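Engineer: Here is my input; please provide its structure:
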Amino acid sequence: TNPLGAMGGGEPSGRSGIPPNKEECMKHRIDTCYRDYCSHLLIPLNVCRYANYFLPWKCTHELHAYEKCQFDEFNYRVKQLKDSKESKK
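Structural biologist: Sure, this is the predicted structure:
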């Protein structure tokens, strides 16, 4: 089984998407601190949030997809750090 819980190839789900370019991020007002491998999921989440006045029971699918991407990306970075520490031994 895949320890990251991602689909295909051992890469987290966020790495499968193409990150938006700088102009698209500026157009959708995404701060630079949120421009990572999951920002392609943040854009539709924020569009849904604005359209539904940030109601917490709306946009749950988009929120779950974004949070899962963030979780998978975190696990990927932890695994990379662990592997790099083991290779130095």
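Engineer: how far out from the middle of the chain is stretch 70-89?
Structural biologist: How far stretch 70-89 lies from its chain's middle: 17 Å, per C-alpha atoms, centre = their mean, to the nearest Å.
Engineer: just stretch 32-46 next, same as before
Structural biologist: 7 Å.
Engineer: now the end-to-end length of that stretch.
Structural biologist: 15 Å (C-alpha to C-alpha, to the nearest Å).
Engineer: in it, what counts as buried?
Structural biologist: Neighbour-count burial for stretch 32-46, counted by 16 or more other C-beta atoms under 10 Å, picks out 35, 37, 38, 39, 40, 41, 42, 43, 45, 46. (Glycine included, C-beta is placed from N, CA and C.)
Engineer: In helices only, show me these.
Structural biologist: 39, 40, 41, 42, 43, 45, 46 (DSSP state H).
Engineer: Can you pick out the most distant pair from the buried residues of stretch 32-46?
Structural biologist: Largest separation among those by C-beta to C-beta: 37 and 46, giving 16.6 Å.
Engineer: May I see the buried residues of stretch 32-46 arranged in a markdown table, with pLDDT and distance to residue 80 as well?
Structural biologist: Written out in a markdown table, the entries for the buried residues of stretch 32-46 read as follows (pLDDT from 0 to 100; distance: C-beta to C-beta, whole Å):
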| residue | pLDDT | distance to residue 80 |
| --- | --- | --- |
| 35 | 89 | 19 |
| 37 | 89 | 13 |
| 38 | 93 | 16 |
| 39 | 92 | 20 |
| 40 | 93 | 21 |
| 41 | 95 | 21 |
| 42 | 95 | 22 |
| 43 | 94 | 26 |
| 45 | 96 | 26 |
| 46 | 95 | 28 |
